[in-house]
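Asker: Okay, sequence plus prediction incoming.
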There are 2 protein chains.
Amino acid sequence: MQDARHDRTDQSGTPAKPRSRRLPRQVRERQILDAAVTVFAKYGYHEAAMDEISDVAGISKPMIYAYLGAKDELFVACIRREANRLIESISQAVDADLKPDEQLWRGLHAFFEYVNENRASWTVLHRQASVQGQPFTSELSEWRDRALNLVAELLARAGGSSEQPVQLEQMQPFAAALVGAGESMLDWWIDHPEYTADALSMRLMNLVWMGFGDMVQGRRWKPS
Amino acid sequence: MQDARHDRTDQSGTPAKPRSRRLPRQVRERQILDAAVTVFAKYGYHEAAMDEISDVAGISKPMIYAYLGAKDELFVACIRREANRLIESISQAVDADLKPDEQLWRGLHAFFEYVNENRASWTVLHRQASVQGQPFTSELSEWRDRALNLVAELLARAGGSSEQPVQLEQMQPFAAALVGAGESMLDWWIDHPEYTADALSMRLMNLVWMGFGDMVQGRRWKPS
DNA sequence: TCCATTACCTACTCACGAGTAAGACTACTC
DNA sequence: GAGTAGTCTTACTCGTGAGTAGGTAATGGA
């Protein structure tokens, strides 16, 4: 058995589009990135074939190389775009004038909503980005850092008062824990789609804000 | 640039061992698995080369195929062994006679300790196991399920009283969140080794048991 | 109408690495 | 000392898929 790859003989959910002709570069780049995100999400970095990406994008392979460079550069471009979209979504949901716990809640909720509506995007960011070696590790850890800092800031605002602010530094391990908890719940969600984004983010909020000890005693956090 | 692989021209931290001759199968299998875990952890499944594994194991390639089968089977064997070790460690740390929160604490602590002392093992289980496609997905999700159930059980014991037990089912999303939080903190730890296993597991315990809301007000959980 | 530019293609090359064929050497029995 | 079971090796094959050479053809300005 020569390397157990799953065969890919067109049971494809995304059939090769009929090629449209002579579109401006900008449009093609978007199409390519869209295709790349889909395919990377489906197979992971290594198993994803440039040929399939070009197929899904409805364009020939050399165009990808011309516009977005080699495979690793393409992947980095995907990460960059998707990370920006996700972080943007969360940032917008958080209104700095709200009460701290409410801010946290909004952030969590936006996170769950985004992932719910952008599975492929999330898969690339989360599952496929962990390959680790050296090729593009820096780009990957960078986006994670940004996410972490965003959450740490939220927590710092939530945890500090105006007289006694909390160092961002202190919040980092908690932020890491929170992000991980979210990620992991999301994974679990895939196998239990009967839950809603709302229900799950609410559970997470309760766990994180009230703690298990309180929850056992029937105390719950509620959005105001 | 032909596929940007990092070159592997013997800057290797694990130099090819001088080959010892004619050892019994059992011993070789252990050596091979050890080598495989190391190499898989270092490069991930796809980037790991069978040639390098055989080098590190100090044996020739066909022996690997003879004893442990193809690459994917070898990987599954690694997962299986390491998952067993980890789960075993945690199970042993948890004494069912203790108070629920204390049980949870012991479990968390054992988890952090194990990972601290078995980085490669953990890396394979966590980072590399997420490749996703089809080759060995079942084996992978299985170990995760086992871990999840172990935690869910812990939580159920912690959350229920003898009169009013809690369904295991109910605890699953929380278990997922907790496991994820732990995993993520572990990742963060790699970049911040100044923390101890103790300090981090204590932080996680506080977050999970007391909740952020309580912590803000200075309430802390302490082991009895 | 010519020329430059940009969009786009088919049909390759070539390195890599999984997996194997074919046998050698050792150690133990009977 | 012949047979056999188990250990172990060198030196291959061969599919796959990243990346490219070397073009064609549409567009828009001079």
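Answerer: Happy to help now that I have it.

Asker: for chain A, what spans make up the helices?
Answerer: A:25-43, A:50-57, A:61-68, A:71-93, A:100-117, A:119-126, A:137-159, A:168-191, A:197-209, A:211-216 (DSSP state H).

Asker: Next, see if the first one gets close to chain B.
Answerer: Same thing as helix A:25-43. Yes. Helix A:25-43 lies within reach of chain B by C-beta under 8 Å from any C-beta of the partner chain, at residue A:43. From N, CA and C alone the C-beta is placed, and that goes for glycine too.

Asker: Would you pull up how far that helix lies from the middle of the chain?
Answerer: Centre-to-centre, helix A:25-43 and its host chain are 16 Å apart (C-alpha atoms, centre = their mean, to the nearest Å).

Asker: is that helix anywhere near DNA strand C?
Answerer: Yes. Under the criterion of C-beta under 7 Å from any atom of the strand, helix A:25-43 makes contact with DNA strand C via A:25, A:28.

Asker: which residues touch that helix?
Answerer: Contact partners of helix A:25-43, identified using C-beta atoms under 8 Å, 6 or more residues apart in numbering or on different chains, comprise A:14, A:23, A:48-49, A:52-54, A:56-59, A:63-64, A:67-68, A:74-75, A:77-78, A:81-82, A:119-121, A:123-124, A:127-128, B:133.

Asker: Just the buried subset of those, please.
Answerer: A:48, A:52-54, A:56-59, A:63-64, A:67-68, A:74-75, A:77-78, A:81-82, A:120-121, A:123-124, A:127-128 (16 or more other C-beta atoms under 10 Å in any protein chain shown).

Asker: The helices of chain A: lowest mean pLDDT?
Answerer: Among these, helix A:211-216 carries the lowest mean pLDDT, at a mean of 78.

Asker: elements contacting it?
Answerer: helix B:137-159, helix B:197-209, helix B:211-216 (3 or more C-beta pairs under 8 Å, 6 or more residues apart in numbering or on different chains; DSSP states H and E).

Asker: circling back: can you narrow the contacts of helix A:25-43 down to the ones near DNA strand C?
Answerer: Among the contacts of helix A:25-43, DNA strand C is touched by A:23, A:59, A:63 when using C-beta under 7 Å from any atom of the strand.

Asker: Tabulate those (TSV), appending distance to residue B:192.
Answerer: Below are those laid out as TSV (distance: C-beta to C-beta, whole Å):
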residue	distance to residue B:192
A:23	47
A:59	44
A:63	43
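
Asker: And those, which is closest to chain B?
Answerer: The closest of those to chain B turns out to be residue A:63 (C-beta to the nearest C-beta; 17.8 Å).

Asker: I'd assumed residue A:54 was in contact with the closest one.
Answerer: Yes. With contact defined as C-beta atoms under 8 Å, residue A:63 reaches residue A:54; the gap is 7.3 Å.

Asker: quick one, domains of chain A?
Answerer: Under the assignment automatic domain parsing, the domains of chain A span A:25-69, A:82-216.

Asker: how long is the shortest one end to end?
Answerer: The stretch domain A:25-69 measures 14 Å between its terminal residues, going by C-alpha to C-alpha, to the nearest Å.

Asker: Tell me who's in contact with the residue nearest the centre of chain A.
Answerer: A centroid search over chain A (C-alpha atoms, centre = their mean) returns residue A:122, at 3.4 Å, as the residue closest to the centre. By C-beta under 8 Å, 6+ apart, the residues touching residue A:122 are A:82, A:86, A:114, A:115, A:186.

Asker: Grab the nearest non-local neighbour of the third one.
Answerer: What that stands for is residue A:114. The spatially closest residue to residue A:114, leaving aside those adjacent along the chain, is residue A:89, at 4.6 Å (C-beta to C-beta, 6 or more residues apart in numbering or on different chains).

Asker: And that neighbour, how far from DNA strand C?
Answerer: 30 Å (C-beta to the nearest atom of the strand, to the nearest Å).

Asker: now do residue A:205
Answerer: 44 Å.

Asker: okay, now that residue: neighbour count?
Answerer: 22 (other C-beta atoms under 10 Å in any protein chain shown).

Asker: cool, residue A:30 as well?
Answerer: Look at residue A:30: counted by other C-beta under 10 Å, it has 13 neighbours.

Asker: Ok, the one 10 residues further on next?
Answerer: Taking other C-beta under 10 Å as the criterion, the count of residues near residue A:40 is 26.

Asker: what's in contact with stretch A:179-188?
Answerer: For stretch A:179-188, contacts defined as C-beta under 8 Å, 6+ apart pick out A:108, A:111-112, A:115, A:122, A:126, A:147-148, A:151, A:200, A:203-204, A:207-208, B:148, B:172-173, B:176-185, B:187.

Asker: That stretch: which residues count as buried?
Answerer: Within stretch A:179-188, the residues that qualify as buried are A:179, A:180, A:181, A:182, A:183, A:184, A:185, A:186, A:187, A:188, counting by 16+ other C-beta under 10 Å.

Asker: what does stretch A:96-114 give?
Answerer: For stretch A:96-114, the neighbour count (16+ other C-beta under 10 Å) marks A:100-101, A:103-114 as buried.

Asker: Quickly check: stretch A:57-69 near chain B or not.
Answerer: No. Shown here: stretch A:57-69 not in contact with chain B (C-beta under 8 Å from any C-beta), separated by at least 9.4 Å.
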